[in-house]
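[1] give me the fold of what follows.
(2 chains)
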Amino acid sequence: DAKTTQPTSMDCAEGRAANLPCNHSTISGNEYVYWYRQIHSQGPQYIIHGLKNNETNEMASLIITEDRKSSTLILPHATLRDTAVYYCIVSLIYNQGGKLIFGQGTELSVKP
Amino acid sequence: EPEVTQTPSHQVTQMGQEVILRCVPISNHLYFYWYRQILGQKVEFLVSFYNNEISEKSEIFDDQFSVERPDGSNFTLKIRSTKLEDSAMYFCAGNLKGDEQFFGPGTRLTVL
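    Residues are numbered from 1 along each chain as shown, chains lettered A, B, ... in the order given. Next comes the predicted model:
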């Protein structure tokens, strides 16, 4: 599985967009980019995933560069409840076992 | 909305004792996983389970660990002889086709 690099921490003002970057320069052609988050000590929560096209759902948008070596998760209007650790994970979909390899993630603090 | 449940929420045990952590995955899921998170550290993959057998396991998942899906609904993780270093949050997860994983709230295991 390709390795990802994320900033350790970021701050965001409440109501503003939070843009969380991720580098995955060794991603292979059949690997997807997944984003999960973990609020305090709760179980990780799926946010969004994509292969090469930009994706949007009710939680967030995912922008993947054309060379697929980096991506950005966008929370369009961050709230205090979005304070969490955000994980960018590169993984084969439908791979054997489907395991997720978590890094340290980005600790996002949304401030009033 | 269906969710993954785990019991107990907190388990305290003496070193050397056996513990069984229980999970009830979402009913139509086919792939199941256990992860653990030692306090202050990243989430680590332990094992994946599909079609009533282990698909993949990590180096952490040694002979002291076992998993079972005894009745088609519960998914259990057994640790035969607990060690101090087994103290962690244990998360169960599942998915349908190797796509997004749904995590439970976790069981906090404390080994004294």
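
[2] return the set of buried residues in stretch B:47-59.
    B:47, B:48, B:49, B:50, B:55, B:56, B:57, B:58 (16 or more other CB atoms under 10 Å in any protein chain shown). For glycine as for every other residue, the C-beta is placed from the backbone atoms N, C-alpha and C.

[3] show me the residue at the heart of chain A, geometrically.
    For chain A, the residue sitting closest to the mean C-alpha position, by CA atoms, centre = their mean, is residue A:35 at 3.3 Å.

[4] my read is that residue is in a strand, agree?
    Yes. Membership of residue A:35 in a strand is supported by DSSP: H, G, I helix; E, B strand; the rest coil.

[5] so how far is residue B:15 from the residue most central in space within chain B?
    Note on chain B: the residue nearest the mean C-alpha position is residue B:34, at 3.5 Å, using CA atoms, centre = their mean. With the distance defined as CB to CB, to the nearest Å, residue B:34 ends up 21 Å from residue B:15.

[6] so where is chain B shaky, pLDDT-wise?
    Low-confidence segments of chain B, defined by pLDDT under 70: B:98.

[7] over to chain A?
    In chain A, residues with pLDDT under 70: A:1-2, A:93-97.

[8] how about the strands in it?
    Chain-ordered strands for chain A, with DSSP state E as the definition, fall at A:9-13, A:18-23, A:31-38, A:45-50, A:55-56, A:61-64, A:70-75, A:84-92, A:106-111.

[9] quick one: strands adjacent to the last one?
    Each strand that strand A:106-111 pairs with, and the sense of that pairing, follows from DSSP bridges: strand A:9-13 (parallel), strand A:84-92 (antiparallel).

[10] deepest of those strands, which one?
    Burial of the strands paired with strand A:106-111 is given as mean neighbour count (mean count of other CB atoms under 10 Å in any protein chain shown); strand A:84-92 ranks first at a mean of 22.

[11] and the angle from that one to strand A:70-75?
    Interaxial angle, strand A:84-92 versus strand A:70-75 (axes from the mean of the first three to the mean of the last three CA atoms, to 10 degrees): 140 degrees.

[12] can I get strand A:84-92 in PDB, CA atoms only?
    Output of strand A:84-92 as PDB, limited to C-alpha atoms (Å, rounded to 0.1, in the frame of the first residue of the first chain):
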ATOM      1  CA  ALA A  84     -11.100  15.300  14.800                       C
ATOM      2  CA  VAL A  85      -8.100  13.500  13.400                       C
ATOM      3  CA  TYR A  86      -8.400  13.100   9.700                       C
ATOM      4  CA  TYR A  87      -6.800  10.100   7.900                       C
ATOM      5  CA  CYS A  88      -5.800   9.900   4.300                       C
ATOM      6  CA  ILE A  89      -5.400   6.300   3.300                       C
ATOM      7  CA  VAL A  90      -4.500   4.800   0.000                       C
ATOM      8  CA  SER A  91      -5.800   1.300  -0.600                       C
ATOM      9  CA  LEU A  92      -6.800  -1.100  -3.300                       C
END
